[in-house]
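Peer 1: A structural model of the following input is requested.
(one chain, ligands or ions: 1)
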Amino acid sequence: MSDSVWWLQTERLALRRFVADDLDWLVQLYRDVEVARHLGGLLDRATVETMFRGRFLGYYDLHPGLGIWATLDRVTGELLGFHLLNNIQGESIIQLGYGLARSAWGRGLATEMAVALVRYGFEDLRLPRISGMAGLENLASQRVLLKSGLHRNGERAFPHPAYAAEGPMAWFERDRDAWLAEHAADARSVFDAHRR
Ligand SMILES: CC(C)(COP(=O)(O)OP(=O)(O)OC[C@H]1O[C@@H](n2cnc3c(N)ncnc32)[C@H](O)[C@@H]1OP(=O)(O)O)[C@@H](O)C(=O)NCCC(=O)NCCS
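Peer 2: Predicted coordinates for the structure are as follows:
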């Protein structure tokens, strides 16, 4: 695969846009109960396909810079999962999200790319705020949101059918100005360390 479609890369991972051929992979992901239970539940092929055409493939050109991207192993090119920056359905709020095949869990991969996406969202897209939500029992996802630089801010529920059944969810957010101030401080301390 050409590097040119890997539009964001980290030490171990790369993001590219989803393409029509990825549908079978996504259908399989939504057949794994351990993954799907945190993503709205097990979905049949027809439902996944409708979502894939709208929220995945059809979204990129309508919302430049945003979307749901395929998360790949940089060495093997294997499709491991997805990361996203998109609007919460029915809202204009921009959220960070992710889901990985079970074989990829437990190695810090979700966090690695989420950190890079937050940086991209604030520095390149200049988003004023990035939010995130996770089920109250989804402690792994809550941990990833925190490690990505978002802060916990209570709970929120959303009326859209995609989330309504979940009820209140753990809510996270971060404003660009606060994130930039923190990372400017990081940059200064690196500079100071080099001067010593
Ligand atoms: C959430 C998910 C993406 C995490 O992927 P991952 O690559 O394993 O995540 P990371 O390794 O980067 O970080 C996970 C963190 O959660 C912690 N964690 C994992 N399971 C946990 C649990 N049951 N309770 C508390 N913490 C837990 C890990 O220890 C790690 O934190 P640490 O680095 O401080 O030790 C993955 O589990 C997944 O795809 N789940 C199903 C889909 C999903 O939940 N998506 C999010 C919807 S809101």
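
Peer 1: and the residue nearest the centre of this protein?
Peer 2: Nearest to the geometric centre of the chain sits residue 97, at 2.8 Å (C-alpha atoms, centre = their mean).

Peer 1: and the contacts of the one helix or strand that residue maps to?
Peer 2: Using DSSP states H and E, residue 97 maps to strand 94-100. The contact list for strand 94-100 (C-beta atoms under 8 Å, 6 or more residues apart in numbering) reads 29, 35, 38-39, 66, 68, 71, 80-88, 109-110, 113-114, 117-118, 121, 127, 129-133, 141, 144-145, 148, 150. In this view, the C-beta of every residue, glycine as well, is placed from N, C-alpha and C.

Peer 1: is any part of that strand close to the ligand?
Peer 2: Yes - against the ligand, strand 94-100 shows contacts by C-beta under 6 Å from any ligand atom at 97-100.

Peer 1: and these as JSON lines, adding pLDDT?
Peer 2: What follows is the residues of strand 94-100 next to the ligand, written out as JSON lines (pLDDT from 0 to 100):
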{"residue": "97", "pLDDT": "98"}
{"residue": "98", "pLDDT": "98"}
{"residue": "99", "pLDDT": "98"}
{"residue": "100", "pLDDT": "98"}
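
Peer 1: okay, the residues you listed in CSV with distance to residue 177 next?
Peer 2: Shown next, in CSV, are the residues of strand 94-100 next to the ligand (distance: C-beta to C-beta, whole Å):
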residue, distance to residue 177
97, 23
98, 25
99, 29
100, 31
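
Peer 1: give me every residue in the protein lying close to the ligand.
Peer 2: So far as C-beta under 6 Å from any ligand atom goes, the chain lies against the ligand at 35, 38-39, 97-100, 105-111, 134, 138-141, 143-144.

Peer 1: can you point out the buried residues in stretch 49-62?
Peer 2: By 16 or more other C-beta atoms under 10 Å, the buried positions in stretch 49-62 come out as 51-52, 55-57, 59-60.

Peer 1: which members of the residues you listed are positioned in strands?
Peer 2: Among the buried residues of stretch 49-62, no member falls in strands (DSSP state E).

Peer 1: pairing partners for the strand ranked longest in the chain, with directions?
Peer 2: When the chain is scanned for its longest strand (criterion: DSSP E), the result is strand 79-87. Here strand 79-87 is paired, per DSSP bridges, with strand 67-73 (antiparallel), strand 94-100 (antiparallel).

Peer 1: can I get it as CSV, trimmed to CA atoms?
Peer 2: The C-alpha coordinates for strand 79-87 follow below in CSV (Å, rounded to 0.1, in the frame of the first residue of the first chain):
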residue,chain,number,x,y,z
LEU,A,79,-6.5,-3.5,9.3
LEU,A,80,-6.7,-3.4,13.2
GLY,A,81,-9.7,-1.1,13.8
PHE,A,82,-10.9,2.4,13.4
HIS,A,83,-10.3,5.8,14.9
LEU,A,84,-12.7,8.8,14.4
LEU,A,85,-13.2,12.5,14.8
ASN,A,86,-16.7,13.2,13.7
ASN,A,87,-19.9,14.8,15.0
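
Peer 1: many thanks, we can stop here.
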